[in-house]
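Chemist: sharing a model prediction with you, sequence too.
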Amino acid sequence: MKLWLHHLNLCGDNVPELSEFYRNVMTLGDDERKNLPPINQDKSLVGDVSFVTDGTIQLHLTPKDITNSFRSGHVVNPLERGHIAYRTDDIEAFMAHLEHCGVPYSNWGSDAVKGWHQIFFYDPIGNVIEVHQVLSEDEN
């Protein structure tokens, strides 16, 4: 099981303003379309996202949504304050690792992003962490 930093999610009330800041002040740009997560609009859990990148790590700029947990039925809300996200090559092994460590997590499956199996949990001071695996076509 391997983990690597994939993206940071920042939530705010004005996504266009955030996007303009990170594009103009921080000089970040667009990522290739094939690298962007296919948001699952069928579930209406994410809203309009602006994606920017430094060429290696993405920023996902999303509307702050304090009611996301109620609509999604999940206890961890990744759109209240944002989150840090890691990609793994073995989500099942990572979930077993969390269970072994006694860390509860919320298993989102592919509810928010089609083709990604996502889990969310808290670090010891309440920061939200996402770990996801991109699923193969036959797992979707």
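Modeler: Happy to help now that I have it. In this text, all values refer to a predicted model and were calculated from it rather than measured experimentally.
Chemist: switch to C-alpha atoms for all contacts and neighbour counts from now on
Modeler: Fine.
Chemist: all helices of the chain, in order?
Modeler: 15-20, 68-72, 91-101 (DSSP state H).
Chemist: what residues does the second one touch?
Modeler: It refers to helix 68-72. 45, 75-77, 79-80 (C-alpha atoms under 8 Å, 6 or more residues apart in numbering).
Chemist: separation between Gly29 and Met95?
Modeler: For Gly29, the distance to Met95 equals 33 Å [C-alpha to C-alpha, to the nearest Å].
Chemist: and the strands in the protein, which stretches?
Modeler: Per DSSP state E, the chain carries strands over the ranges 3-12, 50-53, 58-63, 83-88, 106-109, 116-122, 128-134.
Chemist: what lies in contact with the fifth one?
Modeler: With contact meaning C-alpha under 8 Å, 6+ apart, strand 106-109 is reached by 74-76, 116-121.
Chemist: for it, which strands pair with it and how are they oriented?
Modeler: strand 116-122 (antiparallel) (DSSP bridges).
Chemist: repeat for the longest one
Modeler: In the sheet containing strand 3-12, the strands it pairs with under DSSP bridges are strand 58-63 (parallel), strand 83-88 (antiparallel).
Chemist: and it with strand 128-134, angle?
Modeler: 120 degrees (axes from the mean of the first three to the mean of the last three C-alpha atoms, to 10 degrees).
Chemist: what is the least confident helix or strand in this protein?
Modeler: Ranked by mean pLDDT, DSSP states H and E, the helix or strand of the chain with the weakest confidence is helix 68-72, at a mean of 89.
Chemist: in that helix, what counts as buried?
Modeler: 68-69, 72 (16 or more other C-alpha atoms under 10 Å).
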